[in-house]
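*Asks:* this one's sequence-less:
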């Protein structure tokens, strides 16, 4: 340690200051790690699964082994997932009281109309005790297969798909573009990941410290 061989296994280490080497290789320490992952279709948002490949199977060179995805995407849904081992930050981002916005791109079977846009703005009955919270639906193209962008502030089970089913339409492709201040980079391909920048992490933590963000 710090250039001096250490013989006592019980020695205390200041992980932020000490330089520790083993067999000539410098060891690094990180209490927390933060990654932005582009989830591909076909893998599950879990740390382990006996049948399917998980999102954690793609993270091959992390230092921590206790990482987990913050929230979930359906197995056939692509897009942004935030992965960390910071349980406190994850809890804040997923808290219903925070109303952290999540934006999706989708292709929808059926003609999405301005009436749908207005309905989504007022909340949709998806068969639960209360309608969904107001959501911002943007119509990108209209046709037999419509293209839309949707921003919601909740995370109900299959919420985006159920909202469109409630208006007689079916989501055939779904991709999450952003979560809070995190935005999926255009050059990050499905299955790829990278560490958050210091600015991205600061912005994300500012959301977690704030009150209602809706």
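*Replies:* On my side now, so go ahead. Just so it is clear, the model here is predicted, and its values are computed rather than measured.
*Asks:* Three-state assignment for the residue most central in space within the chain, please.
*Replies:* In the chain, the residue lying closest to the centroid (Cα atoms, centre = their mean) is residue 81, at 2.7 Å. Under DSSP: H, G, I helix; E, B strand; the rest coil, the three-state class of residue 81 is strand.
*Asks:* pLDDT wise, what is it at?
*Replies:* Looking at residue 81, its pLDDT is 98.
*Asks:* what is the longest strand of the chain by residue count?
*Replies:* Taking DSSP state E as the criterion, the chain has its longest strand at strand 170-179.
*Asks:* quick one: distance of the helix or strand just after that one to the chain centre.
*Replies:* For strand 170-179, the succeeding helix or strand toward the C-terminus, using DSSP states H and E, is strand 182-183. In terms of Cα atoms, centre = their mean, to the nearest Å, the centre of strand 182-183 is set 9 Å apart from its chain centre.
*Asks:* can you list the strands that strand 182-183 pairs with?
*Replies:* In the sheet, strand 182-183 lines up against strand 170-179 (antiparallel) (DSSP bridges).
*Asks:* quick revisit: list the buried ones in the longest strand of the chain?
*Replies:* Within strand 170-179, the residues scored as buried using 16 or more other Cβ atoms under 10 Å are 171, 174, 175, 176, 177, 179. Quick note: C-beta positions are derived from backbone N, CA and C, even for glycine.
*Asks:* and stretch 53-71, by the same measure?
*Replies:* In stretch 53-71, counting by 16+ other Cβ under 10 Å, buried: 55, 56, 58, 62, 67, 69, 70, 71.
*Asks:* show the contacting residues for the fifth one.
*Replies:* In this case it means residue 67. The contact partners of residue 67, taken as Cβ atoms under 8 Å, 6 or more residues apart in numbering, are 33, 35, 47, 56, 59, 83, 84, 85.
*Asks:* among the residues you listed, who's most crowded?
*Replies:* Per-residue neighbour counts (other Cβ atoms under 10 Å) across those peak at residue 83, which has 24 neighbours.
*Asks:* what distance separates the strand or helix carrying residue 93 from the centre of its chain?
*Replies:* Residue 93 belongs to helix 87-94 when assigned by DSSP H and E. Distance of helix 87-94 from the chain centroid (Cα atoms, centre = their mean) equals 12 Å.
*Asks:* next, the buried residues of that helix.
*Replies:* 89, 90, 92, 93.
*Asks:* circling back to that earlier point, now, which of the buried residues of stretch 53-71 lie within strands?
*Replies:* Among the buried residues of stretch 53-71, the residues falling in strands (DSSP E) are 69, 70.
*Asks:* just give me the closest of the buried residues of stretch 53-71 to residue 124.
*Replies:* residue 71 (20.2 Å; Cβ to Cβ).
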